[in-house]
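>>> prediction below, plus the sequence it came from.
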Protein chains: 2
Amino acid sequence: MSFDAVARVRRFNRAVTSEVGALDTSFLGRGRPLGSARVLNAIGHGRGDVGELRDYLGLDSGLMSRLLRGLEEEGLVETVPQTGDARRRIARLTAAGEAEFEAYETISDAQAAALLQRDPHAESLLAAMDRVAVALGRARITIEEQDPRGPAARVCLERYYAELARRFEQGFDVARSRDPDAADMVRPRGAFLLAMLDGGPLGCVGLKGQGGEMGEIKRLWVAEAARGFGLARLLMQAAENAAREIGIGVLRLDTNRALPEARRLYETSGWTEIPRFNDDPYPDAFFEKRF
Amino acid sequence: MSFDAVARVRRFNRAVTSEVGALDTSFLGRGRPLGSARVLNAIGHGRGDVGELRDYLGLDSGLMSRLLRGLEEEGLVETVPQTGDARRRIARLTAAGEAEFEAYETISDAQAAALLQRDPHAESLLAAMDRVAVALGRARITIEEQDPRGPAARVCLERYYAELARRFEQGFDVARSRDPDAADMVRPRGAFLLAMLDGGPLGCVGLKGQGGEMGEIKRLWVAEAARGFGLARLLMQAAENAAREIGIGVLRLDTNRALPEARRLYETSGWTEIPRFNDDPYPDAFFEKRF
DNA sequence: CCAATTGCCTGACTAAAGTCAGACATCATG
DNA sequence: CATGATGTCTGACTTTAGTCAGGCAATTGG
């Protein structure tokens, strides 16, 4: 590694600290101390369990309790005992709290949008941010099953199609391809899996079923920023597990020579090449796996 | 811009905040409140002037004064009146302060190194971090004249050569090229300019003189993360200004078709193509500018 | 040389953040 | 059903951070 690698990381830290600090102080603009604001936001983002909150924010139990009570007195939060274990408490936003939370979200969104706006090449900035987020948050990546028509899935699919269009010599048009029916990638027939980090998608794979024991893998894609971490393998694993649950015993897929990394993945994870099994104009290689 | 651009920025913010927070709390591990630690580090990084310090850290003058005195009592810092204006004061580290500062630096460096180490593709992570740092710190980029044999310059040149090797079909070997003598790129004969952000280089350009009114532009390079912001143009402008100061009235340069963005820059900033004027094996296009 | 300004310092605050010991209710278990 | 463990809350702190009004010395500009 070149001498200055560490210096480059530290330059990054410096640049980012001042930006993050700016966000913090802008939170103060709403007349609430940072601590309370952080608690309110964490609750708004779905962290209800008081213990989990304390853990996430790294606060002492006494301080946590006091902050919560402060928010309660403002009428922004209410806490109820957890059903099943009344020692634990769950905090949730009241209507007023929801409104206040939205105000903070608006501030954050506006700052993010402003940053993108003042950059002449926002797309490359976003890609770089994704890359950094993955490096820092790798441990938090999870595989989730979601509807292929949901927003996160749609983002993945759009980016997947765009990438195919870039990489195939003849371009790519979804309409000409054998686009699987969404219903075939939802239980009970199939499944659609997403790799998620902090609420946003990083990759996807579709398991298309037809009710029988045959299934097909479709739409395997990983965001460029998240490549090289074995995510594709994880997604495929999850898809195979789903197939097993659904009762599918034979999986097929098609691919193209313009995607050598995909081919390598299949070849090293138990797939065998078979003759063409469809008339889709794009693929030129076909694989099968039984289990 | 796709629907989720803002969401991606916010995911980045979240990932980075926890990392930065971790650094902050690790600073606390040395038993000093964050405020004092920040002052100590700012001084260590060469920010001596008390007013500048206050400005940089965004602190009230009273608080600043108190923090400084605290550090003085610990024997880490001493302040002396500025020669010329005894109202202003300059803070500098004592030997003990230097040692303490180094300890903080070591913590930061170790965290940075650990981050790189646990990433399977550190080079791409660094590139992404550079890209983000540029986006956030664009306003802080400056053009500085430095020795072409200094560390920052050497980093640039190495990356420049590596890029030529990647982009030229026949590769690139400095030894075979007309490598300018460093002394020709230092005053009084020439100059070497760097685009700097937060102490690290983002690009460079060499102005090679021979004592006469002819000069040559060499080694124009901008880090990939900083392209598209007009840095090359700024560097060229600075080189021309330096040429004017030195008494150079005619500038030449050579380039290669494998670098179309360079060619475009020359064509749109007053350069005219001329016949080959040297026998370097790599260039295939030659330009001149008079002023 | 006098008045206004500048740069830093001090004292006297307030607010926020963080700590710690114990109280209290609830839960799990033998 | 007694016992210990768990999760949250309360009260009584200390430490940091931040604010504001003046004070003092040095400097600047008539």
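Arrived safely, thanks for sending. Note that the structure is predicted; figures quoted are calculated from it, not measured.

>>> packing partners of the lowest-mean-pLDDT helix or strand in chain A?
Lowest by mean pLDDT, DSSP states H and E among the helices and strands of chain A is helix A:5-28, with a mean of 83. If you count contacts as 3 or more C-beta pairs under 8 Å, 6 or more residues apart in numbering or on different chains; DSSP states H and E, helix A:5-28 packs onto helix A:34-44, helix A:95-117, helix B:5-28, helix B:95-117, helix B:122-137, strand B:200-209. Any C-beta I mention is one placed from the backbone N, CA and C, and that applies to glycine too.

>>> most packed of these?
The highest mean neighbour count among those, using mean count of other C-beta atoms under 10 Å in any protein chain shown, belongs to strand B:200-209: a mean of 26.

>>> after it, which helix or strand is next? Please name it.
Counting by DSSP states H and E, the element after strand B:200-209 in chain order, helix or strand, is strand B:214-222.

>>> so what strands line up beside that following strand?
Paired neighbours of strand B:214-222 in the sheet (DSSP bridges): strand B:200-209 (antiparallel), strand B:250-255 (parallel).

>>> which bits of chain A sit near DNA strand D?
Contact residues (C-beta under 7 Å from any atom of the strand) of chain A with DNA strand D: A:49-51, A:54, A:61-62, A:64-66, A:68-69, A:79, A:85, A:87-89.

>>> restricted to buried residues, select these in ChimeraX.
To isolate in ChimeraX the members of the residues of chain A next to DNA strand D that are buried, counting by 16 or more other C-beta atoms under 10 Å in any protein chain shown, one can use:
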select /A:49,50,54,64,68,79,89
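
>>> ok, so of the residues of chain A next to DNA strand D, who is nearest residue B:172?
Distance to residue B:172, by C-beta to C-beta, is smallest for residue A:54 among the residues of chain A next to DNA strand D, at 57.1 Å.

>>> could you list every residue that touches the closest one?
A:60, A:61, A:64 (C-beta atoms under 8 Å, 6 or more residues apart in numbering or on different chains).

>>> list the residues that contact the second one.
Which is residue A:61. Contacts of residue A:61 (C-beta under 8 Å, 6+ apart): residue A:54.

>>> so what pLDDT did it get?
Here the pLDDT value assigned to residue A:61 is 95.

>>> shaky segments in the stretch 151-291 of chain A?
The model of the stretch 151-291 of chain A has no residue with pLDDT under 70.

>>> which positions in it make contact with DNA strand C?
Residues of the stretch 151-291 of chain A lying near DNA strand C (C-beta under 7 Å from any atom of the strand): none found.

>>> where along the stretch 151-291 of chain A do the helices fall?
For the stretch 151-291 of chain A, applying DSSP state H, counting those that start in this stretch gives helices covering A:151-167, A:231-246, A:260-267.

>>> and of those helices, who's closest to residue B:236?
Ranking those by distance to residue B:236, with C-beta to C-beta as the measure, places helix A:151-167 first at 32.2 Å.

>>> in the closest one, what's buried?
By neighbour count on 16+ other C-beta under 10 Å, the buried set for helix A:151-167 is A:152, A:153, A:154, A:155, A:156, A:157, A:159, A:160, A:161, A:164.

>>> contact partners for residue A:243?
Counted by C-beta under 8 Å, 6+ apart, residue A:243 has contacts A:191, A:207, A:209, A:215, A:249, A:251.

>>> please name the bridge partners of the third one.
With beta bridges defined as DSSP bridges, residue A:209 has these partners: residue A:215.

>>> and it, what is it in contact with?
Contacts of residue A:209 (C-beta under 8 Å, 6+ apart): A:184, A:189, A:190, A:215, A:216, A:243, A:246, A:248.

>>> make it 6 Å
Listed by C-beta atoms under 6 Å, 6 or more residues apart in numbering or on different chains, the contact partners of residue A:209 are A:189, A:190, A:215, A:246, A:248.

>>> return the residues of the stretch 1-150 of chain A in contact with chain B.
A:4-12, A:14-17, A:19-20, A:109, A:112-113, A:116, A:119-121, A:125-126, A:128-129, A:131-133, A:135-137 (C-beta under 6 Å from any C-beta of the partner chain).

>>> rewinding a little: which residues are in contact with the least confident helix or strand of chain A?
Contact with helix A:5-28 is made by A:37, A:107, A:111, B:16-17, B:20, B:109, B:112-113, B:116, B:126, B:129, B:133, B:136-137, B:198, B:200, as judged by C-beta under 6 Å, 6+ apart.

>>> now the angle from that helix to helix B:122-137?
Between the axes of helix A:5-28 and helix B:122-137, defined by axes from the mean of the first three to the mean of the last three C-alpha atoms, to 10 degrees, the angle is 40 degrees.

>>> what angle sits between helix A:5-28 and helix A:95-117?
Here helix A:5-28 runs at an angle of 140 degrees relative to helix A:95-117 (the same axes, to 10 degrees).

>>> alpha carbons only: can I get helix A:5-28 in PDB?
Provided in PDB are the C-alpha atoms of helix A:5-28 (Å, rounded to 0.1, in the frame of the first residue of the first chain):
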ATOM      1  CA  ALA A   5      -3.100   5.400   2.200                       C
ATOM      2  CA  VAL A   6      -3.600   6.200   5.900                       C
ATOM      3  CA  ALA A   7      -3.300   9.900   5.100                       C
ATOM      4  CA  ARG A   8      -6.000   9.600   2.500                       C
ATOM      5  CA  VAL A   9      -8.300   7.900   5.000                       C
ATOM      6  CA  ARG A  10      -7.600  10.700   7.500                       C
ATOM      7  CA  ARG A  11      -8.300  13.400   4.900                       C
ATOM      8  CA  PHE A  12     -11.600  11.700   4.300                       C
ATOM      9  CA  ASN A  13     -12.300  11.700   8.100                       C
ATOM     10  CA  ARG A  14     -11.600  15.400   8.300                       C
ATOM     11  CA  ALA A  15     -13.800  16.300   5.400                       C
ATOM     12  CA  VAL A  16     -16.600  14.200   6.700                       C
ATOM     13  CA  THR A  17     -16.400  15.300  10.300                       C
ATOM     14  CA  SER A  18     -17.100  18.900   9.500                       C
ATOM     15  CA  GLU A  19     -20.000  17.900   7.300                       C
ATOM     16  CA  VAL A  20     -21.500  15.600  10.000                       C
ATOM     17  CA  GLY A  21     -20.900  18.400  12.600                       C
ATOM     18  CA  ALA A  22     -22.900  20.700  10.400                       C
ATOM     19  CA  LEU A  23     -25.800  18.300  10.400                       C
ATOM     20  CA  ASP A  24     -25.600  18.000  14.200                       C
ATOM     21  CA  THR A  25     -25.700  21.800  14.800                       C
ATOM     22  CA  SER A  26     -28.500  22.200  12.300                       C
ATOM     23  CA  PHE A  27     -30.400  19.800  14.500                       C
ATOM     24  CA  LEU A  28     -30.000  22.200  17.300                       C
END
